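1. with the input below, show me the fold.
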Amino acid sequence: MKLQPQTHAEELACWLAANATASLIDEARLSPKPGLVDSRGNGAHSDLSLALMERSAHSLTPTFHALALQSWRRPADIALRETVGRLGREGEVAMMQATGGVNTHRGAIWALGLLVSASAMLGAQASSHQVARQAAGLAQLPDSAAPRVFSKGLRATHRYRVPGAREEAQRGFPHVMDLALPRLRLSRARGGNESQARLDALMAIMTSLSDTCVLNRAGMPGLEAMQQGARAVLAAGGCATAPGRAALARLDDRMLALNASPGGAADLLAATVFLDSISDPQASHLPN
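-> Below is the predicted model of the structure:
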C-alpha cells in the first residue's frame, strides 16, 4: 500500500507532462497566427520552423515530468523554488541541444514549468484559478542559483519600463486568467471551432500584453500595432467571422512588414491551452 501514492504521482506526472507538451505543439500548429510560426510557414522568423518547434516541445517532456514529480504535494518554499529553477535550466539545455542552439521555448519553459509544478503541488485536481495562484506564489520566491543574465526580455522590460514574463507569473498570469481563458470559452459558446476560439484567445492576450519579443524587434510602434490590430480582430467579431478573419490577415501583414513576432503572447497561449486542458478532465483524460 505504501507504493500507491508514488504510483499515483507517477501517473499524474506523465499526464501533466503530456498535456504541457501537447499545449506547445497545439500552439505551434495553430494557424493563421500573425508573425508567428504556424502550419503555413515560419512567420517573421528565419531560424524557426514548425518541425523545429515540435522537436523542441518533445524535448521538454522529461523536464515537465521531472517538475511534476518533484513538486507532487509539496508546499511552496524556497527549496522547491530552487529545484524548479534548476530543472527549468536543465530543460533549457535539453531544448537547445534538440534545436541546434535555437531558442524556441525558453519563455514557455518558465510559464508552463510553473503551472505544471503548481498543478502537481495541488495534486492535479485543482481549478485553473487555484493553479495560477499557486504558480504565482512559487514565482514570487527567490532562487539563489538563478544566473544573473540580462536577457533580451529583461533588456526590453528595462528599456521600455514594462512588465515582462517574470511579473506575469508573479501576478498569477492575468493575461491568461482574465483575458485568454474567458475569451476561449466565450468564442466556443458562440459557435466558433477550436482553432477560431484559440486564435481569439491569442488576440485577447495581444490586446494588452507588453510582448518583449515584439519590443525587441519593432519597438513601441510595433507593440502598439500588435495591440491595436488584435483589438480590431475582436471588435470585428473574432476569427469565426469574415470581418474578423480579414482583420487578422491585416494584422499578420503588419507584423510581417515589421519583422515582429509576438512570441510572448504565444507562450501565454500555450499556458492557456494547458490550463484549459487540465481543468476539463474528460477532454484531457485525467487519470482516476
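2. so where is the stretch 51-200 of the chain shaky, pLDDT-wise?
-> Flagging of the stretch 51-200 of the chain using pLDDT under 70 yields the residue ranges 149-152, 158, 160.
3. which neighbouring elements make contact with the strand or helix carrying residue 120?
-> In the assignment (DSSP states H and E), residue 120 maps to helix 106-121. Applying 3 or more Cβ pairs under 8 Å, 6 or more residues apart in numbering; DSSP states H and E, we find helix 106-121 packed against helix 4-29, helix 61-71, helix 78-99, helix 128-139, helix 165-170, helix 263-278. For the C-beta atoms, the positions are set from N, CA and C on the backbone; glycine is no exception.
4. let's see that with 10 Å instead.
-> Counting contacts by 3 or more Cβ pairs under 10 Å, 6 or more residues apart in numbering; DSSP states H and E, helix 106-121 is packed against helix 4-29, helix 50-59, helix 61-71, helix 78-99, helix 128-139, helix 152-160, helix 165-170, helix 263-278.
5. just the buried positions in the shortest one, please.
-> By neighbour count, with 16 or more other Cβ atoms under 10 Å as the criterion, the buried positions of helix 165-170 are 165, 168-170.
6. what sits up against that helix?
-> The contact list for helix 165-170, computed with Cβ atoms under 10 Å, 6 or more residues apart in numbering, reads 106-108, 110-111, 113-115, 118, 132, 135-141, 151, 153-154, 157, 163, 174-176, 209-212, 264, 267-268, 271.
7. give me that answer again for 8 Å
-> 107, 110-111, 114, 135-136, 139-140, 153, 157, 174-175, 212, 264, 267-268 (Cβ atoms under 8 Å, 6 or more residues apart in numbering).
8. could you do the third one as well?
-> With contacts defined as Cβ under 8 Å, 6+ apart, helix 61-71 is touched by 9-10, 12-14, 16-18, 20-21, 80, 83-84, 87-88, 90-91, 94, 109, 112-113, 116-121, 124.
9. ditto for stretch 213-223
-> 44, 152-153, 155-156, 159-160, 162, 210-211, 225-226, 255, 258-264.
10. just the CA trace of that stretch, in PDB.
-> Extracted C-alpha coordinates of stretch 213-223, given in PDB (Å, rounded to 0.1, in the frame of the first residue of the first chain):
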ATOM      1  CA  CYS A 213       9.700  39.800 -28.400                       C
ATOM      2  CA  VAL A 214       7.800  42.400 -30.300                       C
ATOM      3  CA  LEU A 215       9.500  45.300 -28.400                       C
ATOM      4  CA  ASN A 216      12.900  43.800 -29.200                       C
ATOM      5  CA  ARG A 217      12.200  43.600 -32.900                       C
ATOM      6  CA  ALA A 218      10.000  46.600 -33.600                       C
ATOM      7  CA  GLY A 219      10.000  48.800 -30.500                       C
ATOM      8  CA  MET A 220       7.000  50.600 -29.100                       C
ATOM      9  CA  PRO A 221       5.400  51.300 -32.500                       C
ATOM     10  CA  GLY A 222       5.400  47.500 -33.200                       C
ATOM     11  CA  LEU A 223       3.800  46.800 -29.900                       C
END
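11. and that stretch, which residues are buried?
-> Across stretch 213-223, burial judged by 16+ other Cβ under 10 Å covers 213-218, 222-223.
12. for stretch 19-39, same thing?
-> 19-28, 30, 32-38.
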